[in-house]
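Asker: Requesting a structural model of the entry that follows:
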Amino acid sequence: MKFTTAKLLAVAALAAAPMLASAQLSANVSVTTNYKFRGQDQGNNKPALQGGFDYAHSSGFYVGNWNSSIGFTASGLESDLYAGYKFEAAGLGFDVGILTYIYPTLSAADTTELYGAATWGPITAKYSHTISDDYFGFGAGSNRGTGYWNLAFAQEVMKGLTLKASYGYTNFDNPANTNYADYSLGLAYDLGNGFSVSGAAVGANKRATYGVVNKTRLIFTLTKAM
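Answerer: Numbers count the residues shown, from 1 in each chain. So this is what the prediction gives:
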């Protein structure tokens, strides 16, 4: 993680610190048959253990951490740190913040993004903008300015059952990398008592460029929210 990134996160954490005493803490843990990120395999198509926690204040500010086992570093870990602010205006829900992805033993993959999202009913549009030189280890040279667009849909179709779909597009700032699209379509079911289960077909195009990591896979996940 670059020093400038550490400073940005430290400022965000310090800004939120006075509110943590009255913030609500939540946590989650999941087991998934495969961890895909933006349509690409992160765990060599093997099960992954995931989990994290959030502090959310009534004012809209929040901070959190999320972690997952992965397969492409010796440490086998991804750890994400984020802070942001949620609010409503003009009938829309907004979410803005900063997120850093940290990969112990593989600093070339460490990535920091600013993000902004708007939600209208079941539809959420989100844009993430890379502010670090590195972008998940994608080649030499600067990837600062790489953007990721995502359009997501989530709608309860019957009691406890939610239909979910998303389409994303990675637009590299470095012309040496190939832009690609990812997609997901699935269902999530609320089992009660904080438990939920989901299944989705997830993948990406440009498989000729990126190989088997972009292959469409059927992924099942069991989650416990606390």
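Asker: Bridged to the residue nearest the centre of the chain, which residues?
Answerer: Central residue of the chain (C-alpha atoms, centre = their mean): Phe37, 7.3 Å from the mean position. In this entry, Phe37 is beta-bridged to Gln40, by DSSP bridges.
Asker: where's it relative to Tyr101, distance?
Answerer: For Phe37, the distance to Tyr101 (C-beta to C-beta, to the nearest Å) stands at 9 Å. C-beta coordinates here come from the backbone N, C-alpha and C atoms, glycine included.
Asker: what's the nearest residue to Asn44 once chain neighbours are set aside in contact with, if anything?
Answerer: With C-beta to C-beta, 6 or more residues apart in numbering as the criterion, Asn44 has its nearest non-adjacent residue at 3.6 Å, and that residue is Gly71. Gly71 is in contact with 41-44, 46, counting by C-beta atoms under 8 Å, 6 or more residues apart in numbering.
Asker: Gly160 reaches Tyr189, doesn't it?
Answerer: Yes: in this structure, Gly160 is within contact of Tyr189 by C-beta atoms under 8 Å, at 5.7 Å.
Asker: Looking at those two, which has the bigger crowd around it?
Answerer: Ranked by neighbour count (other C-beta atoms under 10 Å), Gly160 and Tyr189 place Tyr189 first, with 15 against 12.
Asker: sec struct for Thr209, please.
Answerer: Of the three states, Thr209 takes helix under DSSP: H, G, I helix; E, B strand; the rest coil.
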